[in-house]
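In: Next one to model:
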Amino acid sequence: MDYSNLHQLKISARKREVITSRAVAALLAAWLCSSIIQLGGCRTDSNQGDNFVFESRLSEYGFFKGTISELVPVDEASIIEIASPLFTDYAEKQRLIFLPKGERMRGKGSDLPDFPDGTVIAKTFFYPRSTKGAGISKLIVETRVLIKNESEWSAATYKWNAMQDEAFLLQDSATVPISFIDEKGHSRSIDYRVPSRSDCLACHRQGSQLVPLGMKLRNMNIDVQRDGALVNQLEYLQSGNKLDMIPPAVVIRTPDYRAELTSLEDRARAYLDANCAHCHRPKGTARFTRLNLTYEETADHVATYSKRQEIARRMTTSGPLHMPQIGTTVSHDEGIQLVITYLSGLDAKVRD
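Out: Presented below is the predicted three-dimensional model:
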């Protein structure tokens, strides 16, 4: 895609990149290994996570009823939808949360709630219009599982088999060639990358802890269809004794960056929050960059303006300097254009 506004930012990648791509890749790999070692590591030689032993097959958890590939959750599961999702190579996602009997999430402000011990989060990635073979059908690629045990989260990934009747625990990352039709009717082919446990740490680490990312209260503060009616999701969780918190009206809302009727600024800030802020926040793995891209922080136009060149450069470059580094194998053209357009207009806002 031709990013027509990019030249306005006067980015000179050659002048700013003073080390080679190979050197950067080596540094990043060394840093990630160091981080994993400091945390005790995500072991890759067994089913042992940080402090939890994972099942070898996804079906052993009993997340779904009936034919597993239909992805029909059992009654104990709560389906979670969020306003602004992380972009993952155009995959769609089903988010489920399982709480121990009689336990609730407890809200605090607008960020992540407190999850009780025994909480399980399962996120399944799939393509509803895969073009494998002669027809078009749903293709399930992976399911990521987070389990909280003894006040600590552990993560694992499960890769679905070709028969779509089981998913198996991964020790290392895996590549899955996929052809599909996107929401605009375009045919695409990608080499989808299923992350390893070590990859999970790179994004889910906050300080010394592994934490969930998308299920912030402000990101769940949306209207959803439940039991044939349109209801506020937080109120629905409260009424089902799944959530204990202040009135949802007090919780701010993360805008949907895909909603074209929402202002450009709000959409761009929501996109940066969903796709960059898990690392670029005070306790994230990229905190040393001092580039804070949470939805709250980007309300400060001056701070965002001062970093606009770096943001644009990292989103539009390729190779080891590309951001985000994990979770995508193709550029999100629509998201990049959204952010570049927003950054290009910040000059006028700062002068005002």
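In: which element is residue 219 on?
Out: Per DSSP states H and E: residue 219 is located in helix 217-220.
In: Show me what that helix is packed up against.
Out: For helix 217-220, the elements it packs on are helix 233-239, judged by 3 or more Cβ pairs under 8 Å, 6 or more residues apart in numbering; DSSP states H and E. The C-beta positions use only the backbone N, C-alpha and C, and glycine is treated the same way.
In: ok, then the element right after the helix it packs on?
Out: Downstream of helix 233-239, the first helix or strand assigned by DSSP H and E is strand 243-244.
In: That following strand pairs with which strands, parallel or anti?
Out: In the sheet, strand 243-244 lines up against strand 105-106 (parallel) (DSSP bridges).
In: Helix, strand, or coil at the residue nearest to the spatial centre of the chain?
Out: Central residue of the chain (Cα atoms, centre = their mean): residue 86, 3.9 Å from the mean position. Following DSSP: H, G, I helix; E, B strand; the rest coil, we place residue 86 in the coil state.
In: Quickly note the distance from it to residue 176.
Out: With distances taken as Cβ to Cβ, to the nearest Å, residue 86 is found 18 Å from residue 176.
In: all helices for this structure, in order.
Out: Remark: helices assigned in the chain by DSSP state H are 13-16, 21-38, 197-204, 217-220, 233-239, 264-275, 301-306, 308-316, 333-344, 346-351.
In: so for the last one, what's the average pLDDT?
Out: Same thing as helix 346-351. Averaged over helix 346-351, pLDDT sits at 76.
In: So which elements touch it?
Out: On a contact count with 3+ Cβ pairs under 8 Å, 6+ apart, helix 346-351 meets helix 301-306.
In: what comes up buried for the helix it packs on?
Out: For helix 301-306, burial by neighbour count (16 or more other Cβ atoms under 10 Å) applies to residue 304.
In: Stretch 328-336 too?
Out: In terms of neighbour count (16+ other Cβ under 10 Å), stretch 328-336 has its buried residues at 328, 332, 335-336.
In: And the strands in the protein?
Out: Assigned by DSSP state E, the strands in the chain fall at 78-80, 92-98, 105-106, 120-130, 137-149, 152-160, 167-169, 174-181, 187-194, 205-206, 209-210, 223-226, 229-232, 243-244.
In: Turn those into TSV, including distance to residue 343, mean neighbour count and mean pLDDT.
Out: Shown next, in TSV, are the strands of the chain (distance: least, Cβ to Cβ, whole Å; neighbours: other Cβ atoms under 10 Å; pLDDT from 0 to 100):
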stretch	distance to residue 343	mean neighbour count	mean pLDDT
strand 78-80	31	17	97
strand 92-98	27	19	97
strand 105-106	35	18	95
strand 120-130	29	20	94
strand 137-149	31	21	94
strand 152-160	32	22	94
strand 167-169	39	19	97
strand 174-181	30	16	93
strand 187-194	27	16	92
strand 205-206	26	20	66
strand 209-210	31	17	76
strand 223-226	30	14	95
strand 229-232	33	12	96
strand 243-244	36	18	95
